[in-house]
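Participant: Okay, structure incoming, though there's no sequence with it:
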């Protein structure tokens with residue numbers, strides 16, 4: 001008897017997201033009921049995080065590589081900023097996803113975005129993503145500054 005159950009949705013997490021560790025991303029996704037069995041993970045060294053080179057995100061590249069499959073695919077993210085180091089990197093990822101036909105569900109805002117469509121909701125999510133990235137960087141910088149001042 002054939003099993004008609006659809007496979008678990010894919011997810012993507014990575015190190016180096018300001019203010020959001022990989023463990024926190026996984027907790028957000030698990031809390032949303034997403035299995036992490038089919039999760040792409042970019043575990044990075046500190047030097048890679050400091051360098052912020054898009055080429056270091058190897059699992060992201062695998063996730064977005066072209067395919068001949070025709071089925072629609074939704075990839076779950078804790079937040080849109082997981083997709084890249086900068087806004088330019090995120091939009092490049094969205095362009096690659098559009099070419100592949102991948103949509104993204106952002107658990108933090110409960111929205112699914114078809115990456116082939118540019119609309120107001122997506123632009124607002126990108127703006128919020130950039131603001132959160134900057135806040136995360138500021139929080140990290142403040143913590144480092146406090147520790148340096150205490151030393």
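Facilitator: All right, it came through fine. Nothing here was measured: the structure is a model prediction, and the numbers come from that model.

Participant: didn't residue 84 look like it was pressed against residue 53?
Facilitator: No: assessed by CB atoms under 8 Å, residue 84 is found out of contact with residue 53, at 11.3 Å. Backbone N, C-alpha and C define where each C-beta goes, glycine included.

Participant: Among those two, which residue is more densely surrounded?
Facilitator: residue 84 (22 against 12; other CB atoms under 10 Å).

Participant: Look up the closest residue to the more buried one, ignoring the ones flanking it.
Facilitator: residue 90 (3.8 Å; CB to CB, 6 or more residues apart in numbering).

Participant: So which bits of the helix or strand the one you found falls within are buried?
Facilitator: Taking DSSP states H and E as the definition, residue 90 sits inside helix 87-100. Neighbour-count burial for helix 87-100 flags 89-90, 93-94, 96-98, 100 (criterion: 16 or more other CB atoms under 10 Å).

Participant: Check stretch 22-31 too.
Facilitator: Under 16+ other CB under 10 Å, the buried positions of stretch 22-31 are 22, 25-26, 28-29.

Participant: and what of stretch 50-70?
Facilitator: For stretch 50-70, by 16+ other CB under 10 Å, it's 56-57, 60, 63-64.

Participant: ok, residues contacting it?
Facilitator: 10, 12, 14, 16, 40-42, 44, 48, 75, 83-86, 89, 92-93, 96-97, 99-102 (CB atoms under 8 Å, 6 or more residues apart in numbering).
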